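> quick one: sequence and predicted model below, then my questions.
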Amino acid sequence: MHITVIGSGYVGTTLSACLAALGHEVTAIDIDTEIVETINRGRSPVSEPGLDELVATHSGDRLRATTDYGAVEESDVTFLAIGTPSYADGRIDLGGITSAAEALGESLAEIDADDRPLIAVKSTITPPGISEVRSALEAGLGDGEVELATNPEFLREGSAVSDFQQPDKLVFGTDSAWATERLQELYEPLAADVPTIETDPETAMMIKYANNAFLATKISLVNDLGNICKEFGLDAYEVMDAIGLDDRISERFLRSGVGWGGSCFPKDVDALIAAARGEKYTPRILEAAVDVNDRQPKRLLDLLDEHVDVADKRIAVLGLSFKPRTDDVRNSRAIPVITGLLERGARVVGYDPVATESMRERIPEIEYADSAAEALDGAAGAVVVTDWEEFASLDSEFEAMAEPIVVDGRRIVEPTDELTYEGLTW
Ligand SMILES: NC(=O)C1=CN([C@@H]2O[C@H](COP(=O)(O)OP(=O)(O)OC[C@H]3O[C@@H](n4cnc5c(N)ncnc54)[C@H](O)[C@@H]3O)[C@@H](O)[C@H]2O)C=CC1
Ligand SMILES: O=C(O)[C@H]1O[C@H](OP(=O)(O)OP(=O)(O)OC[C@H]2O[C@@H](n3ccc(=O)[nH]c3=O)[C@H](O)[C@@H]2O)[C@H](O)[C@@H](O)[C@@H]1O
């Protein structure tokens, strides 16, 4: 099939490269010329394991990139994979996706009605927001019709390619059998043993929000229970390992610590709360999940305060990305941790295996080290914010600290006899 993907960020590039790998002819569209050139040079514009290789394999063959919306003329399905950030009050900002939808509508107006592609929304938008995207598309189109579907994405950053290639489920939100069949045909090469949910566009997006809200709330509940364990002098990981054996709970997403960040859980939970309030419903459990999450970085710093007065001291922050294996620092827990340390007058030195440059753009005023050893050298304390595998093998590096104090927010560092080691929930 001929596919166009509008928006070439984490989701769009993964989608484009993986669909090309499935045998489809894919055109990736982005307004950013640097992104377009990067893909056409055979490189991924975002850092994801395996994505560079996929783009390199298919670029110039089944995958090409352009800034020109005219490329939709050829396509059977056109995806919208534009960012959907939040306003300060949590409501979803649909400005980016509606302006893309309007521009897309203008291009579709040039195509005979019978030849128009199915438009599938990959971006995460609240169910009430779907009508706004539809209106923008129709405003661009003028007279005429086009069919809009939703096809939410469940991949995680850091494992985007493998998550896309081996999904737990596929969700098709359509208004017609024709649209469902197009999506079935598109995913046919990977859908063999994958449960497929065929529903309407709004329910499909509610499935996406419920999925993220459930997982974020699960982690906050684990953190709440973990904080209680810590107060009782118990190890939350021992407790969670045990409850995870209950199939109804499952062993996944039971890691307590400094909380959830990233470009999706915080924004999606906030957007769902705001959309629910817009309907005069107050989702109290989701509000509590956000509240627990907001408090975890402060609990980490309070623990550090018990061991060292950080004012004027060099303090190492190990891990800057919101999770390992990505350079993404959006809503990383490292941000409130660094801000809290700066408010206490600490001299902060940050280290991350790949996210240093992203964090430097965001917080330029702190020092950045090229290795964990360099960050720890002379530090009067260290906090661990991201569970990068390399932190598990740190050992003699701690000997160069002025005070060997480590407060671990992710249960990744191996405690030693020489170390004053505190876990956030153990
Ligand atoms: N990042 C993730 O792991 C996941 C994200 N999502 C959802 O997917 C959507 C996209 O997320 P990301 O890929 O992370 O966003 P992103 O910010 O990485 O990428 C968005 C891309 O759209 C481009 N763009 C913006 N306006 C455009 C326009 N008018 N025309 C063409 N291109 C335009 C930008 O230049 C950028 O490259 C969001 O709604 C997000 O919630 C869903 C599942 C996973
Ligand atoms: O909508 C999205 O964008 C995506 O959001 C999350 O994916 P992602 O944010 O990439 O990463 P996760 O692995 O879910 O981690 C999110 C945050 O939760 C934290 N986390 C995760 C698991 C855990 O047990 N404990 C915990 O604190 C991580 O450190 C990270 O900060 C979902 O897992 C994806 O299914 C979804 O598609």
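Perfect, I can see it now. Ligands and ions are numbered 1, 2, ... in the order given.

> make it CA atoms for all contacts and neighbour counts henceforth
Will do.

> where does whichever residue of the stretch 51-200 of the chain sits closest to ligand 1 land on pLDDT?
The nearest approach of the stretch 51-200 of the chain to ligand 1 comes at Ser123, 3.4 Å away (C-alpha to the nearest ligand atom). Per-residue confidence at Ser123 stands at 98 (pLDDT).

> tell me if I'm right that it and Pro85 touch.
No: using C-alpha atoms under 8 Å, Ser123 makes no contact with Pro85, being 10.3 Å away.

> related to what we said a few turns ago, who's in contact with the residue of the stretch 51-200 of the chain closest to ligand 1?
80-84, 152-153 (C-alpha atoms under 8 Å, 6 or more residues apart in numbering).

> cool, and Glu37?
Glu37 is in contact with Ala65, counting by C-alpha under 8 Å, 6+ apart.

> show me what counts as buried in stretch 289-298.
Neighbour-count burial for stretch 289-298, counted by 16 or more other C-alpha atoms under 10 Å, picks out 289-290, 292-294, 296-298.

> do you know the pLDDT at Asp143?
With respect to pLDDT, Asp143 scores 83.

> and the gap between it and Leu108?
Distance from Asp143 to Leu108, counting by C-alpha to C-alpha, to the nearest Å: 11 Å.

> same deal with Glu287?
Separation of Glu287 from Leu108 (C-alpha to C-alpha) stands at 41 Å.

> look at those two and report which has more neighbours.
Remark: of Glu287 and Leu108, Leu108 carries more neighbours, 26 against 15, as counted by other C-alpha atoms under 10 Å.

> contacting residues around the more buried one?
72-73, 116, 141.

> ok, now with 7 Å
Residues counted as contacts of Leu108 (C-alpha atoms under 7 Å, 6 or more residues apart in numbering) are 116, 141.

> ok, now Leu234?
By C-alpha under 7 Å, 6+ apart, the residues touching Leu234 are Trp426.

> so how far is ligand 2 from it?
Distance of Leu234 to ligand 2, computed by C-alpha to the nearest ligand atom, to the nearest Å: 18 Å.

> does that residue count as helix, strand or coil?
Of the three states, Leu234 takes coil under DSSP: H, G, I helix; E, B strand; the rest coil.

> same thing with Thr425?
coil.

> and it, how many neighbours does it have?
Per other C-alpha under 10 Å, the neighbour tally for Thr425 reads 30.

> how near is it to ligand 2?
For Thr425, the distance to ligand 2 - C-alpha to the nearest ligand atom - is 12 Å.

> so which residues on the stretch 201-350 of the chain come close to ligand 1?
Counting by C-alpha under 6 Å from any ligand atom, the residues of the stretch 201-350 of the chain close to ligand 1 are Cys264.

> which parts of the stretch 201-350 of the chain are strands?
In the stretch 201-350 of the chain, the segments counted as strands under DSSP state E, counting those that start in this stretch are 314-318, 347-351.

> quick one: Lys313 from Val407, how far?
According to C-alpha to C-alpha, Lys313 stands 15 Å off from Val407.

> which of these two has more residues huddled nearby?
Taking other C-alpha under 10 Å, Lys313 and Val407 do not tie; Val407 has more neighbours (24 against 18).

> and that one, that's in a strand?
Yes: counting by three-state DSSP, Val407 is part of a strand.

> is Gly261 in contact with Ser332, as I believe?
Yes: at 4.8 Å, Gly261 counts as touching Ser332 under the criterion of C-alpha atoms under 7 Å.

> find residues that contact each of the two.
Phe322.

> how close does the residue nearest to Ala204 when sequence neighbours are not counted get to Pro128?
Take Ala204 and drop its neighbours on the chain: the residue closest to it by C-alpha to C-alpha, 6 or more residues apart in numbering is Gly173, 5.0 Å away. According to C-alpha to C-alpha, Gly173 stands 14 Å off from Pro128.

> with neighbour numbers in mind, choose between the two.
Gly173 (25 against 13).

> that one contacts Glu198, correct?
Yes: contact criterion C-alpha under 7 Å: Gly173 and Glu198 qualify, at 6.1 Å.

> so what sits against both of Ser123 and Pro85?
By C-alpha under 7 Å, 6+ apart, no residue touches both Ser123 and Pro85.

> the helices in the stretch 51-200 of the chain, which residues?
51-58, 95-108, 130-141, 160-165, 177-187 (DSSP state H, counting those that start in this stretch).

> so which of these gets nearest Thr33?
Distance to Thr33, taken as C-alpha to C-alpha, is lowest for helix 95-108 among those, at 15.6 Å.

> got the angle between the closest one and helix 130-141?
Relative orientation of helix 95-108 versus helix 130-141 (axes from the mean of the first three to the mean of the last three C-alpha atoms, to 10 degrees): 40 degrees.

> list the buried residues of helix 95-108.
Using 16+ other C-alpha under 10 Å as the test for burial, helix 95-108 gives 97-98, 100-108.

> same check on stretch 67-76?
Neighbour-count burial for stretch 67-76, counted by 16+ other C-alpha under 10 Å, picks out 67, 69-76.

> that stretch close to ligand 1?
No: Stretch 67-76 does not reach ligand 1 (C-alpha under 6 Å from any ligand atom); its nearest approach is 7.2 Å.

> so what touches that stretch?
1-4, 29-31, 33, 36, 78, 104, 107, 111, 117-118.

> gap between the two ends of it?
Distance between the two ends of stretch 67-76: 19 Å, counting by C-alpha to C-alpha.

> and for stretch 120-127?
End-to-end span of stretch 120-127 (C-alpha to C-alpha): 14 Å.
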